[in-house]
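Enquirer: please work out how this folds:
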Amino acid sequence: MIILTRVDHRLLHGQVAFSWTQSLGADCILIANDDVPNNEVRKTTIKLAKPQGVKLVIKNIADSIAALQSGVTDKYKLFIVVESVGDAYKLAEAYPEIKKINLGGTKVKEGTRSIGKAVNVLPEEEELLKKLVDQGVEVEIRQVPNDKKVNVTEVL
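Expert: Okay, the predicted model is just below:
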């Protein structure tokens, strides 16, 4: 069962690893990212941030979708972490059981606009977020579980 899908350009780090995993009661974290499975430095860094007693799975986007669709993840309280709005959109499109997306941190890039603390989106990402909301996905902005939940529709 998917508890939450989070967009965070840093993927797994202290804040995500501990506050979110604990708050959600997750027993498995899925890092869905096309770079990390082939990048030993990033993979090692992510493994170091993994909380004790929580399973960590690192897969590219296509393999993550296949795993979700196969049902192999159903037995877990699954916390999915992706690096971008685009990746979250791909997962939610392919696997409609994703009903909640948390925007936790996206980098400032040329052309982005800030829609929340540490959340910056390009115009095409805004369109993807609107599509997700139209499909009934709850999209909220929060860095940590104790922050006030801001619905993305309030800031787009």
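
Enquirer: check which helix or strand covers the nearest residue to residue 149 once chain neighbours are set aside.
Expert: Excluding the flanking residues, the one nearest residue 149 by Cβ to Cβ, 6 or more residues apart in numbering is residue 140, at 4.9 Å. Quick note: C-beta positions are derived from backbone N, CA and C, even for glycine. When secondary structure is defined using DSSP states H and E, the element that contains residue 140 is strand 138-141.

Enquirer: which elements pack onto that strand?
Expert: Using 3 or more Cβ pairs under 8 Å, 6 or more residues apart in numbering; DSSP states H and E as the contact definition, the elements that strand 138-141 packs against are strand 100-105, helix 123-134, strand 150-151.

Enquirer: out of the ones you listed, which is closest to residue 13?
Expert: strand 100-105 (9.4 Å; Cβ to Cβ).

Enquirer: which elements pack onto the closest one?
Expert: Where contact means 3+ Cβ pairs under 8 Å, 6+ apart, strand 100-105 is packed against strand 2-8, helix 85-94, strand 119-121, strand 138-141.

Enquirer: so what touches the following helix or strand past that strand?
Expert: The C-terminal neighbour of strand 100-105 among helices and strands, as given by DSSP H and E, is strand 113-116. The set of residues external to strand 113-116 that reach it, using Cβ atoms under 8 Å, 6 or more residues apart in numbering, is 103, 108, 120-121, 126, 141, 150, 152, 155-156.
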